[in-house]
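1. model the structure of this input:
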Amino acid sequence: MRQLLLIACCLALAACGFQPLHSKEYRAQQGIALASLQVEVDHSRLGQLLEAETTDALNPDAQRQEKRYKLTIHLAMQDIALFINPDGTSARGDIQWTSTYTLTRLSDSKVMDTGSMVRISSYNTGEDASTGYASFVSVEDAKKRGIIELGQDYKLRMANLLAQLDQQDEAGR
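-> Numbers count the residues shown, from 1 in each chain. Below is the predicted model of the structure:
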């Protein structure tokens with residue numbers, strides 16, 4: 001009886017168009033869709049890093065693909081002191097990245113989606129002047145880690161969004 005139920009569930013999944021996310025075919029199809037994105041970010045130093053990380057996450061094999069969409073990203077950073085020492089210095093902090101995006105179809109300049117993402121990365125700092133360099137490195141590392149993770153977040157968001165847009169295009173044909 002269990003086997004019949006399992007077979008019925010598998011047939012129902014196959015009938016609804018279910019595709020395993022980690023299959024080679026699905027990843028290849030997603031790779032082509034993601035490679036069709038042109039990424040544009042504010043031109044600060046960290047904005048350039050986000051543009052590079054997002055582009056690498058979306059198209060790690062650097063496939064040449066006609067650009068169908070433009071992803072415009074705006075980035076803002078806020079440094080939040082969490083634990084304040086008695087002398088007024090911070091011993092721990094968070095860097096909050098707030099990122100807004102617009103996805104535009106290049107063929108007709110139609111805005112397909114807008115949204116925002118927030119990513120927080122934490123750091124620790126030293127208590128005295130002898131750890132000044134270590135504190136600086138800790139803060140810079142937190143900034144870089146936050147940007148890298150934000151690039152991965154954009155990959156996941158765009159993979160989902162482009163799959164939905166492709167389904168809408170196929171349904172409209």
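
2. show me where this protein has its strands.
-> Ranges of strands within the chain are 37-41, 69-84, 90-105, 110-124, based on DSSP state E.

3. out of those, deepest packed?
-> The highest average neighbour count among these, using mean count of other Cβ atoms under 10 Å, belongs to strand 37-41 at a mean of 20. C-beta: built from backbone N, CA, C; applies to glycine.

4. list the strands paired with it, with their directions.
-> strand 69-84 (parallel) (DSSP bridges).

5. let me know the average pLDDT across the strand it pairs with.
-> Strand 69-84 shows a mean pLDDT of 90.

6. confidence-wise, which helix or strand of this protein is lowest on average?
-> Least confident element among the helices and strands of the chain, by mean pLDDT, DSSP states H and E: helix 24-35 (a mean of 59).

7. can I get the strands of the chain in a markdown table including distance to Glu53?
-> As requested, these are exported to a markdown table (distance: least, Cβ to Cβ, whole Å):
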| stretch | distance to Glu53 |
| --- | --- |
| strand 37-41 | 10 |
| strand 69-84 | 11 |
| strand 90-105 | 12 |
| strand 110-124 | 12 |
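
8. wait, which of those strands is closest to Glu140?
-> Proximity to Glu140 (Cβ to Cβ) singles out strand 110-124 among those, at 8.8 Å.

9. packing partners of the closest one?
-> The contact analysis (3 or more Cβ pairs under 8 Å, 6 or more residues apart in numbering; DSSP states H and E) places strand 110-124 against strand 90-105, helix 132-172.

10. the ones you listed: lowest mean pLDDT?
-> helix 132-172 has the lowest average pLDDT among those, namely a mean of 86.

11. what packs against that one?
-> helix 24-35, helix 45-58, strand 69-84, strand 90-105, strand 110-124.

12. on that earlier part again, please work out which of the helices and strands packed on strand 110-124 is packed deepest.
-> Most buried of the helices and strands packed on strand 110-124 by mean neighbour count (mean count of other Cβ under 10 Å) is strand 90-105; its value is a mean of 17.
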